[in-house]
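> I'd like to go over a predicted model; first the sequence, then the structure.
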Amino acid sequence: MQGFRLFGNKPFMRFARKFGVTDRALWNCVQALPDANLGGGVYKFRIARAGEGSSGGARSIVAMKHGERAVMMFGFEKKDLQNVSVKELSAFKKLAKIYLDRSEDEMDLLVAREELVEIRRS
């Protein structure tokens, strides 16, 4: 059995690179307490940009199965979006169920197909 694993989907990874957040910061993000438990294995976390703190930073919508894996599904800067809509949250819950119900082998296949990126602890 592998330890806790962290993944990002392509849209999230594009956002993270544009925002300038490191893999280490992403790991720190999911190790902290979430800002909100949105239900269905979906959580909202703050992402701090180096030197700016977290209040003006970004937020991430994350599918998480505690102790096993987290998949960062969506990222946004608070200045651009206050929160996700009810419709968007419903879609994230459906996507979270898909990600969290996968076996480790299926997750490895998603990484091999480049549908997900495994974020390595650095």
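Nice, thanks for sending it over.

> Okay, now the unreliable bits of this protein?
Scanning the chain for pLDDT under 70 picks out 1-2, 50-56.

> center of the protein, which residue is that?
Central residue of the chain (CA atoms, centre = their mean): residue 72, 1.7 Å from the mean position.

> Please enumerate the helices of this structure.
10-19, 23-31, 86-101, 104-112 (DSSP state H).

> most tightly surrounded among these?
helix 23-31 (a mean of 18; mean count of other CB atoms under 10 Å). For glycine as for every other residue, the C-beta is placed from the backbone atoms N, C-alpha and C.

> tell me the angle of that one relative to helix 10-19?
Helix 23-31 runs at 120 degrees relative to helix 10-19, counting by axes from the mean of the first three to the mean of the last three CA atoms, to 10 degrees.

> contacts for helix 23-31?
Here helix 23-31 makes contact (CB atoms under 8 Å, 6 or more residues apart in numbering) with 6, 8, 16, 45-50, 60, 62, 64, 70, 72, 119-122.

> out of the helices of the chain, nearest to residue 37?
helix 86-101 (11.9 Å; CB to CB).

> which ones among the contacts of helix 23-31 are found in strands?
If you go by DSSP state E, the contacts of helix 23-31 have 6, 8, 45-49, 60, 62, 64, 70, 72, 119 in strands.
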